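*Asks:* Turn this into a structure:
(one chain, ligands or ions: 1)
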Amino acid sequence: MKVKKAVIPAAGLGTRFLPATKAMAKEMLPIVDKPTIQFIVEEALASGIEDILIVTGKAKRPIEDHFDANFELESNLKEKHKTELLKLVEETTDVNLHFIRQSHPKGLGHAVLQAKAFVGNEPFVVMLGDDIMNDEVPLSKQLMNDYENTHASTIAVMKVPHEETSKYGIINPEVEISKGLYNVKNFVEKPSPEEAPSDLAIIGRYLLTPEIFHVLENQKPGAGNEIQLTDAIDTLNKTQRVFAREFKGKRYDVGDKFGFMKTSIEYGLTHPEVKDNLRQYIIDLGAELSKEDKATKK
Ligand code: G1P
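*Replies:* Below you'll find the model as predicted:
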């Protein structure tokens, strides 16, 4: 069966970006001029996804507005012949988006469970908004390609520094059955470095079979007293194979302040409007900083 649907959980409170996220959805924070959630939606479309469900919560209205038509703005841009800007604005409305609210934030597993009726009896992709991925073939598409061969759930993973395992779901790999594709013994949510079975961390892309919903409905709260998607995947793996695909492209963690800044700089360095000035600015700043460093070392 072809994978056509994606679910983007976006109900998180964004506490890592307070006070900016007190009244604003963290998914709307821009990387230069594009809200982070738009990168995720664009990856879904580039992968051939046809329908996207965004699971939202309080203060998330701007996400809906962002992907809706804005007649006032569009007619203003038309009148002023600002065709390039008009194109940018119109592009964001050309998507089959659906929204559902998660009224109680009970964890990622619970957010994904809200998608049960939307997904029905089909395989689907879950895409987390904190991770922006860059590779020749979009990561969601890589998982969809795996599904065509295995007809099984496949979770994207990536090597992380060992001391950071407690920030992630970690897999216990069994065998590498083909290049970068693993059989998994078990999945553990946020283990300490002492307990982590490997350094292969779950990053924000999952291809799941619909059987996950049955597991989620019966899933007890786990780490952080939340209903964890990782725990449900571990249970699913006991009745049907769940594979892990190691991602070799570039991952940007925009859910973290430093990660967000690095992403903004790197994306800025490719952005036609600002790249030249930004590059020169970084070179000049670097020279100034190394002068400062030398002076303090004297
Ligand atoms: C979630 C998942 C975790 C995964 C991570 C990837 O954690 O629960 O398994 O490794 O996303 O970003 P969160 O970042 O929401 O704490």
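
*Asks:* and residue 23, which of the three is it?
*Replies:* coil (DSSP: H, G, I helix; E, B strand; the rest coil).

*Asks:* Please give me every residue in contact with the closest residue to it other than its chain neighbours.
*Replies:* The shortest distance from residue 23 to any non-neighbouring residue, by C-beta to C-beta, 6 or more residues apart in numbering, is to residue 59 (6.1 Å). In this view, the C-beta of every residue, glycine as well, is placed from N, C-alpha and C. Neighbouring residues of residue 59 by C-beta atoms under 8 Å, 6 or more residues apart in numbering: 21, 23-25.

*Asks:* Please report how far residue 31 lies from residue 262.
*Replies:* Note on residue 31: its distance to residue 262, by C-beta to C-beta, to the nearest Å, is 10 Å.

*Asks:* who's more crowded, these two?
*Replies:* Shown here are residue 31 and residue 262; by other C-beta atoms under 10 Å, residue 31 has more neighbours (21 against 14).

*Asks:* The more buried one reaches residue 263, doesn't it?
*Replies:* Yes: taking contacts as C-beta atoms under 8 Å, residue 31 lies within contact range of residue 263: 5.4 Å.

*Asks:* any common contacting residues for the two?
*Replies:* With C-beta under 8 Å, 6+ apart as the test, residue 31 and residue 263 both reach 132, 254.

*Asks:* Not counting its neighbours along the chain, what's nearest residue 221?
*Replies:* In space, residue 221 is closest to residue 227, 5.6 Å off (C-beta to C-beta, 6+ apart).

*Asks:* sec struct for the one you found, please.
*Replies:* coil.

*Asks:* For the helix of greatest length in the chain, list every residue counted as buried.
*Replies:* The residue-count maximum for a helix in the chain (DSSP state H) belongs to helix 275-297. Neighbour counts over helix 275-297 (16 or more other C-beta atoms under 10 Å) mark residue 278 as buried.

*Asks:* Give me the residues contacting that helix.
*Replies:* Around helix 275-297, the neighbours that count as contacts under C-beta under 8 Å, 6+ apart are 265, 268-269, 271.

*Asks:* Are any of those buried, and if so which?
*Replies:* 268, 271.

*Asks:* and of the contacts of helix 275-297, the nearest to the ligand?
*Replies:* Closest to the ligand out of the contacts of helix 275-297 is residue 265 (20.7 Å), distances taken as C-beta to the nearest ligand atom.

*Asks:* Just the CA atoms of whichever helix or strand that closest one is part of, as CSV, please.
*Replies:* Here residue 265 sits within helix 257-268, counting by DSSP states H and E. This file holds the C-alpha atoms of helix 257-268, laid out as CSV (Å, rounded to 0.1, in the frame of the first residue of the first chain):
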residue,chain,number,x,y,z
LYS,A,257,18.6,27.3,21.2
PHE,A,258,22.1,26.7,19.8
GLY,A,259,20.8,24.3,17.1
PHE,A,260,18.3,26.9,16.1
MET,A,261,21.0,29.5,15.7
LYS,A,262,23.3,27.2,13.7
THR,A,263,20.3,26.4,11.4
SER,A,264,19.6,30.1,10.9
ILE,A,265,23.2,30.8,10.0
GLU,A,266,23.6,27.8,7.6
TYR,A,267,20.3,28.5,5.9
GLY,A,268,21.1,32.2,5.7
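
*Asks:* Could you let me know which of the contacts of helix 275-297 ends up closest to residue 203?
*Replies:* residue 265 (20.8 Å; C-beta to C-beta).

*Asks:* So residue 46 sits against residue 139, correct?
*Replies:* No: using C-beta under 8 Å, residue 46 makes no contact with residue 139, being 10.3 Å away.

*Asks:* Bridged to the residue lying closest to residue 259 once chain neighbours are set aside, which residues?
*Replies:* Closest residue to residue 259 apart from its sequence neighbours, by C-beta to C-beta, 6+ apart: residue 253 at 3.5 Å. Residue 253 has the following beta-bridge partners by DSSP bridges: residue 131.

*Asks:* What is the burial count for residue 253?
*Replies:* Neighbour tally, residue 253, other C-beta under 10 Å: 17.

*Asks:* Just give the closest residue to the residue in the stretch 1-150 of the chain that the ligand sits nearest to, not the sequence neighbours.
*Replies:* At 4.9 Å from the ligand, residue 108 is the closest residue in the stretch 1-150 of the chain, using C-beta to the nearest ligand atom. Spatial nearest neighbour of residue 108, excluding adjacent residues (C-beta to C-beta, 6+ apart): residue 229 at 4.5 Å.
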